[in-house]
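Trainee: curious how this folds, go ahead:
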Amino acid sequence: MCCLVRLGPEWGLYSTLFGTVSSAETKAAADEKAKAVSGVKSVEDSLQVVRAAKQDTVAAKDDDVEDLVEAALGKQDDLKAAKIDVDEESGVARLTGTVPSQADRLRAALLTRTTSGVRAVKDGLRVEQD
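Mentor: Numbering: from 1, shown residues only. From the prediction side, this is the model:
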C-alpha cells in the first residue's frame, strides 16, 4: 500500500491511497487513518483488495506492466523533458511528476492507458509553471 500526500491549491493536504491490501477491513482502516491526519482535507481511496495468497502473483505482473509503461513513455522524444514517475498496482497506473505542457500530460496519460495490462490511469501529473 502506498500513500501520496500533496499540497492542494487551497493550501490543504490531499491524500491518495493506492496499491493492494488483503481485506476490506484493512482498506477501511487505512482510509480512516488517512482522514484522521491533521490538515488532510480529502482522501482519494484507490486501494484494491487482493487476497494475501494472490499478492505475490499480482506484484510480479505489476512490475511487468510498470516496465511496459515506462518503456512506452521513454520512447517518446517529446516527453524526454518530462519527469514522470509510474506506479502500477492491479492494472491501475498512477502517473506523478511534472510535464512541460498540458498536451504532454494528455499524451502521457493516453500512452499509459493504451499499454497492455493497464485498465485505468490515475493522472497526478502537473504542468510546469514558468
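Trainee: let me see the ranges of the strands in the protein.
Mentor: Along the chain, counting by DSSP state E, strands occupy 2-7, 13-21, 40-49, 83-89, 92-99, 120-127.
Trainee: least reliable of the ones you listed going by mean pLDDT?
Mentor: Among those, strand 2-7 has the lowest mean pLDDT, at a mean of 51.
Trainee: report the longest helix in this structure, please.
Mentor: helix 52-74 (DSSP state H).
Trainee: in contact with the residue minimising distance to the centre of the chain, which residues?
Mentor: When the chain is reduced to its mean C-alpha position, the closest residue under Cα atoms, centre = their mean turns out to be R94, at 2.1 Å. Neighbouring residues of R94 by Cβ atoms under 8 Å, 6 or more residues apart in numbering: L4, T16, F18, S46, V86, D87, E88, V121, K122, G124. (C-beta placed from N, C-alpha, C; glycine too.)
Trainee: just to revisit the earlier point, by contact count, what packs against the longest helix of the chain?
Mentor: Packing contacts for helix 52-74, counted by 3 or more Cβ pairs under 8 Å, 6 or more residues apart in numbering; DSSP states H and E, involve strand 13-21, strand 83-89, strand 92-99, helix 102-113.
Trainee: kindly reformat those as TSV containing distance to R51.
Mentor: Below are those laid out as TSV (distance: least, Cβ to Cβ, whole Å):
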stretch	distance to R51
strand 13-21	10
strand 83-89	15
strand 92-99	17
helix 102-113	27
